[in-house]
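>>> This is the structure alone, sequence omitted:
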């Protein structure tokens, strides 16, 4: 184990391009990132308006200008900005007759390819309304929370029957929805768990409207905090990275308990630190490992093991807090860069030898190894998680 660590620190692996930057935020330059609406920055322009202000514009934070700029002339039918409606974070509140949209011929354009659309939404009242839809009948892709034949259940519609049906709608609970539209199938994930799948013919998405059906009917009552739109089907790893970003931001408290700390301070003068967000539920497979207070510009990777330890490897400033069969998240896509980095840990395959799936009742320990200034290296403290 010591020889392996020493050999890896000599050369920093090239970083793979993914939808989430090493600092844990979406990459506006990711090739298929088509549009991004975040209520924390961009409602009625840069920054945030005062709570209670009607939203007349929602800026596309990718910088590509696909802004939502069309609303009803009646201010009482415009969604309202609230600074704390999404678990203490900003969101737009849709009161049951509100909507905001962009045209397919001008602002938003038409997307004929596959799509992966993420949205953070909370249903406040059962209404069989639309979270999003195309803004034109010429091509529709929609997520809505019920219809006459299947009331109060999540539905995906890609322009032609059949409609993909998901689970019953949960009221008052912020959730991360992932809608995938492809040429022959649709998939719906809720909080990272597949909740519906079906076959259907995919239509182009012509424009976009939030809070309503394209006919300006069937309104939702709830909040939208953030929406990210990719004009491809993201692979499983990329999808989980975006879901982890949203889950950590809107849904998660801390997961696990720290041990073996504080770690030895690094060249910043502070000890590196590991935390986790998401869920300790194995079925959710939604655990994000986070390392911070690392030296800026230095690379590192996470470690995992079932046995705790305490040992200072030769040449290291810090101590490794694991022992026995240790797994390393040193694959290219999992390399992080200081001062902070995170990964989505796949609970179906912890990278020990051989790779092992986490089972309910298991306890796993995590740590982050990182390079420090010069030839030295160091470790964060440890984190132990008992899974359910």
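Now that the structure is in, tell me what you want to look at. Keep in mind that this is a model prediction, so the values were computed, not measured. Numbers count the residues shown, from 1 in each chain.

>>> use CA for all of it now, contacts and neighbours both
Fine.

>>> Sort out which residues of the helix or strand hosting residue 197 are buried, please.
Following DSSP states H and E, the helix or strand that holds residue 197 is strand 193-199. Neighbour-count burial for strand 193-199, counted by 16 or more other CA atoms under 10 Å, picks out 193, 195, 196, 197, 199.

>>> of all those residues, which comes closest to residue 320?
Proximity of the buried residues of strand 193-199 to residue 320 (CA to CA) peaks at residue 193, which lies at 33.4 Å.

>>> if we can go back for a sec, mind picking the two most distant members of the buried residues of strand 193-199?
Pairwise over the buried residues of strand 193-199, using CA to CA, the maximum falls at 193 and 199, 18.5 Å.

>>> which residues sit in contact with residue 61?
Residue 61 makes contact with 28, 35, 36, 37, 38, 42 under the criterion CA atoms under 8 Å, 6 or more residues apart in numbering.

>>> can you give me the mean pLDDT across the helix or strand harbouring residue 117?
Element membership of residue 117 [criterion: DSSP H and E] is strand 115-125. If you average the pLDDT over strand 115-125, you get 96.

>>> Then stretch 228-244?
For stretch 228-244, the per-residue pLDDT averages 92.

>>> on that earlier part again, quick one: strands adjacent to the strand holding residue 197?
Paired with strand 193-199 in the same sheet, following DSSP bridges, are strand 185-190 (antiparallel).

>>> who touches the partner strand?
Contacts of strand 185-190 (CA under 8 Å, 6+ apart): 156, 158, 164, 166, 175-181, 194-202.

>>> just the buried members of those residues?
156, 158, 164, 166, 175-181, 195-197, 199-202.

>>> Cross the residues you listed against strands and list the overlap.
156, 164, 166, 175-181, 195-197, 199 (DSSP state E).

>>> Pull the most distant pair out of these.
Taking CA to CA as the measure, these span a maximum distance of 24.1 Å, between 175 and 199.

>>> Pull the distance from stretch 68-77 to the chain's centre.
The chain centroid and the centroid of stretch 68-77 are separated by 29 Å, computed with CA atoms, centre = their mean, to the nearest Å.

>>> how about that stretch: buried residues?
68, 69, 70, 71, 72, 77.

>>> And stretch 288-307, by the same measure?
By neighbour count with 16+ other CA under 10 Å, stretch 288-307 contains the buried residues 288-295, 298-307.

>>> swap in stretch 258-269?
Within stretch 258-269, the residues that count as buried by 16+ other CA under 10 Å are 258, 259, 260, 261, 263, 264, 265, 266.

>>> same deal with stretch 378-388?
So for stretch 378-388, counting by 16+ other CA under 10 Å, buried means 378, 379, 380, 381, 382, 383, 384, 385, 386, 387.

>>> Quick check: which element contains the spatially most distant residue from the centre of the chain?
Distance from the C-alpha centroid of the chain, by CA atoms, centre = their mean, peaks at residue 314 (38.0 Å). Assigned by DSSP H and E, residue 314 belongs to no helix or strand.

>>> Kindly report the same for residue 183.
Here residue 183 is assigned to no helix or strand, by DSSP H and E.

>>> How about it: what's its closest non-neighbour residue?
Nearest residue to residue 183 in three dimensions, chain neighbours excluded: residue 202, at 4.9 Å (CA to CA, 6 or more residues apart in numbering).

>>> got a list of what that neighbour touches?
Here residue 202 is in contact with 141, 158, 159, 160, 181, 182, 183, 184, 185 (CA under 8 Å, 6+ apart).

>>> now do residue 230
Contacts of residue 230 by CA under 8 Å, 6+ apart are 32, 33, 34, 35, 115, 116, 117.

>>> measure it to residue 118 for me?
9 Å (CA to CA, to the nearest Å).

>>> that's a strand at residue 249, yeah?
No: applying DSSP: H, G, I helix; E, B strand; the rest coil, one finds residue 249 to be helix, outside a strand.

>>> thinking again about what came up before, reformat the contacts of residue 230 as TSV; add distance to residue 370 and neighbour count.
TSV is the format used below for these (distance: CA to CA, whole Å; neighbours: other CA atoms under 10 Å):
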residue	distance to residue 370	neighbour count
32	31	16
33	30	19
34	34	25
35	34	22
115	36	25
116	33	24
117	34	24
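
>>> so how far is stretch 240-252 off the chain centroid?
That offset, for stretch 240-252, works out to 4 Å (CA atoms, centre = their mean).

>>> Just give the nearest non-adjacent residue to residue 141, would you?
residue 158 (4.3 Å).

>>> so the one you found makes contact with residue 140?
Yes: between residue 158 and residue 140 there is a contact at 5.8 Å, judged by CA atoms under 8 Å.

>>> Give the residues shared as contacts by the two.
residue 203.

>>> where are the low-confidence patches of the chain?
Low-confidence segments of the chain (pLDDT under 70): 1-17, 252-253.

>>> domain assignment for it?
2-17+253-386, 33-233 (automatic domain parsing).

>>> wait, which of these is closest to residue 243?
Once those are compared by CA to CA, domain 33-233 is nearest, at 6.3 Å.

>>> Span of that closest one from start to end?
End to end - CA to CA - domain 33-233 spans 11 Å.

>>> Same check on stretch 334-353?
First-to-last residue span, stretch 334-353, CA to CA: 18 Å.

>>> Kindly report the same for stretch 316-325.
20 Å.

>>> for stretch 304-315, same thing?
End-to-end for stretch 304-315, by CA to CA: 21 Å.

>>> And stretch 50-61, by the same measure?
Note: stretch 50-61 ends 20 Å apart using CA to CA.
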